[in-house]
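1. structure of the sequence below:
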Amino acid sequence: MLVSNGNTQTLSQITKRAQMIPAFSGLRPFKSGYLFSALKNPTYTELKSHMSILMLCIHDLLPLQAVLCMRHFIDFYHQAVAKEHSDTSLREMENSLLLFNQHSTVFAQWSPSNLAFPKNHALFTYSHDIKRLGRIHGYSTTHSECQHKRDAKRPAQRTNHVQDAFTLQIGSTVHNGTCDNIYEASAQYPARKYVLSSLAKKSSHDGVTFIELEESRPYLKGLFRLTKSYLSLKLFGNKKQKFRDMSSPENLKLKAYQRLKVIDYDDDCDEFREYIHAHPKLHGQTRFDYAELQDGSIIQALLFFKISMRPQKVTKKRKGRTELDATKGDPIIEELCFVRVYENLDIEHSSGFQVIKP
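-> Residues are numbered from 1 along each chain as shown. A predicted model of the protein is given here:
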């Protein structure tokens with residue numbers, strides 16, 4: 001609209017506003033330009049970053065109908081990619097889409113198809129698809145476009161383009177000298193990573209003992225016994241041993257951490273991070289985060305810690321007593337978490353949240 005009207009002054013003012021926004025965590029800087037014309041092949045993340053400040057930059061520079069149109073589209077976007085949905089939220093999403101459609105006529109004269117293109121029509125299927133298939137948080141067409149080039153366009157160039165054989169030929173391709181079905185290959189994403197961070201002050205150098213931790217934090221009672229049992233099970237399997245004969249952490253010390261950083265990747269292979277805190281005093285308040293494991297159980301993280309132990313072997317003596325002898329080799333580093341396990345009571349609550357108990 002602005003380019004067609006030759007309104008370069010408004011374009012410059014929008015860009016200047018974007019560049020003047022102060023730096024903030026999670027907010028993309030726009031020092032090199034803001035408008036989409038400054039981007040080459042913009043990604044899903046770049047488009048999302050632009051939408052986050054769009055209304056700040058244009059609210060009083062464009063016609064009211066154009067501003068309302070973009071505002072309702074942004075509302076629709078955030079409602080569509082929400083992590084949770086309800087009948088009420090889906091109705092609000094459909095209402096935002098209707099308002100966007102009503103105001104979008106202001107842009108029709110600059111659209112070669114008069115806004116009658118497939119992607120605009122596909123927006124009206126979102127509510128039905130979410131009800132049928134689940135949420136679409138983090139999904140974009142970027143990955144499927146790249147996969148289309150790899151799995152369709154390139155194999156098509158290797159066919160003889162004969163109609164009767166084209167479908168069968170494009171359905172297979174040669175990788176490393178063997179013929180594989182390209183549709184059986186799944187996308188390869190980087191593996192999820194877990195990183196311990198925020199080392200507790202008391203264990204910053206040589207570590208802290210189990211006794212010190214259990215005395216200073218009553219909720220960690222039994223930490224040493226459970227840790228020792230775990231190490232014995234990891235080293236010797238299900239062999240029966242007395243507690244005094246079980247393997248112990250080297251020097252009976254550990255390094256305590258107060259946060260677990262989870263590094264994962266979305267459908268576009270863009271990295272995102274989540275944090276689980278086990279902090280007795282985070283900004284003046286106790287914070288022990290909850291998490292749901294893959295088996296559906298719910299836990300509360302009380303302590304992240306790292307211990308070291310040396311490989312050991314079992315030596316049997318007379319009278320049936322078992323003794324552990326340390327063997328040579330580098331110590332084995334174990335990163336563990338002390339948790340409180342909760343039970344899901346399967347009780348419906350007005351808030352929609354799960355009801356649990358220790």
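
2. now do the phi/psi pair for Leu115.
-> phi 70, psi 10 (degrees, to the nearest 10).

3. could you do Glu334 as well?
-> Glu334 adopts backbone torsions of phi -120, psi 130, taken as degrees, to the nearest 10.

4. hang on, it packs against Phe304?
-> No - using C-beta atoms under 8 Å, Glu334 makes no contact with Phe304, being 11.7 Å away. Any C-beta I mention is one placed from the backbone N, CA and C, and that applies to glycine too.

5. so Gln354 belongs to a strand, correct?
-> No - counting by DSSP: H, G, I helix; E, B strand; the rest coil, Gln354 falls outside a strand, being coil.

6. returning to what we had before: more crowded one of Glu334 and Phe304?
-> Taking other C-beta atoms under 10 Å, Glu334 and Phe304 do not tie; Phe304 has more neighbours (26 against 16).

7. for the more buried one, which residues count as its bridge partners?
-> Tyr257, Cys337 (DSSP bridges).

8. what residues does it make contact with?
-> Contacts for Phe304 (C-beta atoms under 8 Å, 6 or more residues apart in numbering) come out as Leu196, Ala256, Tyr257, Gln258, Arg259, Leu260, Ala278, Glu335, Leu336, Cys337.

9. so what's the residue count around the fourth one?
-> Right, Gln258. 20.

10. ranking helices and strands of this structure by mean pLDDT, which lands last?
-> The weakest-scoring helix or strand in the chain, judged by mean pLDDT, DSSP states H and E, is strand 178-181 (a mean of 44).

11. of the contacts of Phe304, keep whichever come out buried.
-> By neighbour count, with 16 or more other C-beta atoms under 10 Å, the contacts of Phe304 hold Leu196, Ala256, Tyr257, Gln258, Arg259, Leu260, Ala278, Leu336, Cys337 as buried.

12. is it possible to get CSV of these that adds distance to Pro22 and pLDDT?
-> Formatted as CSV, the buried ones among the contacts of Phe304 follow (distance: C-beta to C-beta, whole Å; pLDDT from 0 to 100):
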residue, distance to Pro22, pLDDT
Leu196, 32, 91
Ala256, 36, 89
Tyr257, 32, 91
Gln258, 29, 90
Arg259, 27, 92
Leu260, 30, 92
Ala278, 32, 91
Leu336, 41, 90
Cys337, 37, 91
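
13. need these in CSV with distance to Gln79, can you?
-> Formatted as CSV, those follow (distance: C-beta to C-beta, whole Å):
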residue, distance to Gln79
Leu196, 36
Ala256, 42
Tyr257, 37
Gln258, 35
Arg259, 31
Leu260, 31
Ala278, 33
Leu336, 40
Cys337, 35
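
14. mind listing the strands for this protein?
-> 172-175, 178-181, 193-199, 208-209, 253-265, 271-282, 285-288, 290-292, 298-309, 312-316, 322-326, 332-344, 356-357 (DSSP state E).

15. least reliable of the ones you listed going by mean pLDDT?
-> When these are compared on mean pLDDT, strand 178-181 scores lowest, with a mean of 44.

16. how many residues are close by Trp211?
-> Careful, residue 211 is Ile and not Trp. Residues near Ile211, counting by other C-beta under 10 Å, number 11.

17. just Phe210 next, same as before
-> Using other C-beta under 10 Å, Phe210 is surrounded by 20 other residues.

18. do you know how far it is from Leu226?
-> Here the criterion is C-beta to C-beta, to the nearest Å. By it, Phe210 lies 10 Å from Leu226.

19. to Phe30, which of the strands of the chain lies closest?
-> With C-beta to C-beta, the closest approach to Phe30 among these belongs to strand 271-282: 20.8 Å.

20. strands paired with the closest one, and their directions?
-> Checking strand 271-282 against DSSP bridges gives partners strand 253-265 (antiparallel), strand 285-288 (antiparallel).

21. now it against strand 332-344, angle please.
-> Calculated by axes from the mean of the first three to the mean of the last three C-alpha atoms, to 10 degrees, strand 271-282 forms an angle of 80 degrees with strand 332-344.

22. residues in contact with strand 271-282: which ones?
-> Residues external to strand 271-282 that are found in contact with it (C-beta under 8 Å, 6+ apart): 198, 217, 257-266, 286-289, 291, 301-304, 337.

23. next one: that strand to chain centre, how far?
-> Relative to its parent chain, strand 271-282 has a centroid offset of 13 Å by C-alpha atoms, centre = their mean, to the nearest Å.

24. and if you look at stretch 72-92?
-> Using C-alpha atoms, centre = their mean, the distance between the centre of stretch 72-92 and that of its chain works out at 20 Å.

25. who touches it?
-> For stretch 72-92, contacts defined as C-beta under 8 Å, 6+ apart pick out 51, 54-55, 93, 96-97, 99-100, 103, 123, 126-127, 130-131, 135-139, 352.

26. burial count for the residue lying closest to Leu302 once chain neighbours are set aside?
-> Once flanking residues are discounted, Leu302 sits nearest to Phe338: 5.0 Å by C-beta to C-beta, 6 or more residues apart in numbering. By the measure other C-beta under 10 Å, the count of residues near Phe338 is 20.
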